[in-house]
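> from the sequence below, what's the structure:
(chains A and B)
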Amino acid sequence: MPRLSVWLIRASLVYLALGFTLGSLLLFHKGIPLHPYLWRLLPAHIEVVLFGWTVQLAMGMAFWILPRFPNPPVRGDEAPAWAAFALVNLGVWLLALALFNSASAWLAFSGRLAEAGGVLAFALHAWPRVKGV
Amino acid sequence: MPALTRWFLRMSLLSLVLAVLLALFSAAQSPLGLALPMSAFTPVYFHLFMVGWVTQLIFGVVFWMFPKYSKEQPRGSETLGWLTFGLLNAGLLLRLVGEPAQALDPAPVWGWTLAASAVLQWAAGMLFVINTWGRVKER
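You can find the predicted model right below:
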């Protein structure tokens, strides 16, 4: 498994643990009320699970198993994929903070911008690797 | 394909079928002139889809195809894998029953059912992370 996949997949596992923890707190609170403030965690739970866990895991797997090139660098230009890793993680954290604090419209916009940049960068990296063998 | 992966994939397919049937049943209310309180099932629908189908499919495939943990334990701990499977599906089942019941007819028993579901699913997620972490490595 290449180094970037290790980073992407380990980060996705951290988000899985965080997402399950937030979700379980919310579900527990739904059954046995703990504190009304907990409902503010719902948007952060969704963001962490969707982007942090599933999107990032898919990126890590794709970087690992998509067809390689016959000559080095066998996985093509890795720089956009590393940028995707940084931007997606920045975006998830900005959005989680913004969604937790509903007044932070600019923080939310910055988070979405980082996520969009990350997805675009990953698509640029992966596009030439999507080919017949 | 290892037995645990087969079980993960079977349960993920079953969750997908259940999720889609719930969505179909919800969409059928207006055209068929029904008035069942399907909004009580909305969170269950989302979680059957995202936890039961997507996450469980990932768990099964990861257990099967990730790099070997060691020569003696190529897939990490089989026990932790089966515990993950059991806890996740027990938690989902409790949610499937308890969440609509709590929405339609709140009672302490349903509240505790949801709390138990939360603890079981959380434990499943943590065990999966613990068992998988060591298999995410450079060759």
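> how about the particular helix or strand that has residue B:98 in it: buried residues?
Element membership for residue B:98 (DSSP states H and E) is helix B:78-104. Of the residues in helix B:78-104, those with enough neighbours to count as buried (16 or more other C-beta atoms under 10 Å in any protein chain shown) are B:81, B:83-85, B:87-92, B:94-96, B:98-103. Yep, even glycine has a C-beta here, placed from its N, CA and C like the rest.
> try stretch B:12-30
B:12, B:15, B:16, B:18, B:19, B:22, B:23, B:26.
> then stretch A:78-87?
A:80, A:81, A:82, A:83, A:84, A:85, A:87.
> which residues does the last one contact?
Read that as residue A:87. Shown in contact with residue A:87 (C-beta atoms under 8 Å, 6 or more residues apart in numbering or on different chains): A:114, A:115, A:117, A:118, A:121.
> nearest to chain B, of those residues?
Chain B has its nearest neighbour among the contacts of residue A:87 in residue A:115, at 18.2 Å by C-beta to the nearest C-beta.
> and that closest one, what helix or strand is that in?
helix A:105-126.
> can you tell me the number of residues neighbouring residue 127?
Looking at chain A here, since you left the chain open. By the criterion of other C-beta atoms under 10 Å in any protein chain shown, residue A:127 has 11 neighbours.
> to clarify, I was referring to chain B.
Neighbours around residue B:127, by other C-beta under 10 Å: 21.
> can you say which helix or strand has it in it?
helix B:108-133.
> is that helix positioned near chain A?
Yes - judged by C-beta under 8 Å from any C-beta of the partner chain, helix B:108-133 and chain A are in contact via B:110-115, B:117-119, B:121-122, B:124-126, B:128-129, B:132-133.
> follow-up on the earlier one: check the offset of the helix holding residue A:115 from the chain's centre.
Relative to its chain's centre, helix A:105-126 lies at 10 Å (C-alpha atoms, centre = their mean, to the nearest Å).
> residues in contact with it?
For helix A:105-126, contacts defined as C-beta under 8 Å, 6+ apart pick out A:51, A:55, A:59, A:62-63, A:66, A:76-78, A:80-81, A:83-88, A:90-99, A:101.
> with adjacent residues omitted, what lies nearest to residue B:87?
residue B:124 (3.9 Å; C-beta to C-beta, 6 or more residues apart in numbering or on different chains).
> residue B:15 too?
Closest to residue B:15 by C-beta to C-beta, 6+ apart is residue B:52, at 2.7 Å.
> thought the one you found was touching residue B:92?
Yes - counting by C-beta atoms under 8 Å, residue B:52 touches residue B:92, with 5.5 Å between them.
> common neighbours of those two, please.
residue B:15.
> around chain B, which positions in chain A sit nearby?
Counting by C-beta under 8 Å from any C-beta, chain A comes close to chain B at A:1-3, A:5-6, A:9-10, A:13-14, A:16-17, A:19-21, A:23-28, A:30-32, A:49, A:53-54, A:57.
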